[in-house]
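1. Sequence and computational prediction follow.
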Amino acid sequence: MSKVLYPGTFDPVTNGHMDLIERGSRLFDRMVVGVAAAHHREKTTFSVEERVEMVREATRGNPAVEVLPFDGLLVAFARAVGARAVLRGLRAISDYEYETQMAFMNRRLDPGVEILFLPADEKYTYVNASLVKEIARLGGNVAAFVPPVVLSRMTARIRGEK
Ligand code: ADP
């Protein structure tokens, strides 16, 4: 059985992530969406439990997908769940630089885990979780960029911040 790991912070999961989950999960028998406990640069808006819950709800209709939290080394988590490959999305050149650096380092750490890049759908290339949160905070409509479960939670969270 072929299994792929799709890791990220998902703070919160966007329609860009959802597109990668749908397209990536069709290429393998199973997909584990790995929700990183902490972000590598900044404090997350949602707790890891909330982020896992939102991805679970958003992917409920896809039986090939399992959603799990993780911390520590990515390649160690990939091994632990039995994934042969790790999927990452590429939106722009800026993603490419960071993603290739990580891919080379991860290959060095464990050459047995292959890193795969899938180009983003054109209509989501400009969608990222931070920008979506910023627009929501400024009162903009983000319904086109996130799954419905995220929209209601994000609105509630932002109201609570004020
Ligand atoms: P991280 O903080 O580890 O980059 P993210 O949750 O922001 O985690 O992203 C996880 C993965 O999803 C990354 O490979 C990222 O490039 C990809 N991704 C994020 N947004 C999009 C999008 N709009 N379209 C395609 N891929 C995306």
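-> Okay, I see it.
2. Contact residues of the chain facing the ligand?
-> 8-10, 14, 16-17, 20, 39, 88-89, 91, 95, 120, 124, 127-129 (C-beta under 6 Å from any ligand atom). C-beta coordinates here come from the backbone N, C-alpha and C atoms, glycine included.
3. Mark which of those are buried, thanks.
-> With neighbours counted by 16 or more other C-beta atoms under 10 Å, these contain buried members at 8-10, 14, 16-17, 20, 88-89, 91, 95, 120, 124, 127-129.
4. Next, work out how far apart residue 135 and residue 159 are.
-> 15 Å (C-beta to C-beta, to the nearest Å).
5. Neighbour count for those two, which is higher?
-> residue 135 (13 against 8; other C-beta atoms under 10 Å).
6. and the residue of this protein nearest the ligand?
-> In the chain, the residue that lies nearest the ligand is residue 16 (1.9 Å; C-beta to the nearest ligand atom).
7. Centre of the chain to the helix-or-strand element of the chain with minimal mean pLDDT, how far?
-> For the chain, using mean pLDDT, DSSP states H and E, the weakest element among its helices and strands is helix 148-161, scoring a mean of 89. Here the centre of helix 148-161 is set off from its chain's centre by 18 Å, with C-alpha atoms, centre = their mean, to the nearest Å.
8. What ranges in the protein fall below the confidence cut-off?
-> Within the chain, the stretches with pLDDT under 70 are 162.
9. And stretch 102-109, what's buried?
-> Those would be 103, 106, for stretch 102-109 by 16+ other C-beta under 10 Å.
10. Specify the next element, helix or strand, located C-terminal of the longest helix seen in the chain.
-> Across the chain, the helix with the greatest residue count (assigned by DSSP state H) is helix 93-109. Going down the chain from helix 93-109, the next helix or strand is strand 114-119, by DSSP states H and E.
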